[in-house]
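> one predicted model, sequence on top.
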Amino acid sequence: MKIDITVDKEFKKSVSVPWLRSIARQILVAQCAEAGSEMGIYITGQDKIRELNRLYRQKDKPTDVLSFSFYVKEAASDATTDCDFPPAEDGIIHLGELVISLPQAEIQAAEYGHPLKTELARLLIHGIMHLLGFDHEVDADAEIMESREQEILKLLEPSLA
């Protein structure tokens, strides 16, 4: 599995790229993603994620995580997936890209009373689940997705200490 990570300059000292990669890899393995899978993670701030949220979801406000799936063939009506994205000729399964706002993750970690690592793991799980085709627009789907997210978060507990 290949996981490319880009961190905006002002956040480089605040997050560990190897830790992010390890957590993302553990999530993909927990979800039985193909060994030839590839994805990207971009850690940014409130202005950039607000711009992307406005551009792709028509929501003019910051958010915590955005998922841009290249792999899912059928996406929900509000997803950012391009259903006509051409399959890769290199045999690699390009899952897509996640964008996470580090300041929003810090805000939410404080609100929920848990460490930043836990919040980042929670956002990675949620985003990767979207890349793999999970959705929460319908209550039944939301229950399935949330249940699996909690199971994976529990599996990650040793990495969150």
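Received it, and whenever you're ready, just let me know what you need.
> average pLDDT for the helix or strand where L153 lies?
L153 is part of helix 139-160 when elements are defined by DSSP states H and E. For helix 139-160, mean pLDDT rounds to 90.
> helices and strands around that helix, which ones?
Applying 3 or more Cβ pairs under 8 Å, 6 or more residues apart in numbering; DSSP states H and E, one finds that helix 139-160 makes contact with helix 17-30, helix 116-131. Yep, even glycine has a C-beta here, placed from its N, CA and C like the rest.
> now, of those helices, which is deepest in the fold?
helix 116-131 (a mean of 23; mean count of other Cβ atoms under 10 Å).
> rewinding a little: now the helix holding L153 - C-alpha only, CSV.
Coordinates of the C-alpha atoms in helix 139-160 are reproduced here as CSV (Å, rounded to 0.1, in the frame of the first residue of the first chain):
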residue,chain,number,x,y,z
ASP,A,139,-29.8,6.1,8.6
ALA,A,140,-29.2,2.4,8.0
ASP,A,141,-25.9,3.1,6.2
ALA,A,142,-24.9,5.6,8.9
GLU,A,143,-25.4,2.9,11.6
ILE,A,144,-23.2,0.4,9.6
MET,A,145,-20.5,3.0,9.0
GLU,A,146,-20.4,4.4,12.5
SER,A,147,-20.3,0.9,14.0
ARG,A,148,-17.4,-0.1,11.8
GLU,A,149,-15.6,3.2,12.6
GLN,A,150,-15.9,2.5,16.3
GLU,A,151,-14.5,-1.1,15.8
ILE,A,152,-11.5,0.2,13.9
LEU,A,153,-10.9,3.0,16.5
LYS,A,154,-10.8,0.3,19.2
LEU,A,155,-8.2,-1.7,17.1
LEU,A,156,-6.1,1.5,16.8
GLU,A,157,-6.0,2.2,20.6
PRO,A,158,-2.4,0.9,21.1
SER,A,159,-1.2,3.4,18.4
LEU,A,160,-3.0,6.3,20.0
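> buried residues in that helix?
145, 148-149, 152-153, 156, 160 (16 or more other Cβ atoms under 10 Å).
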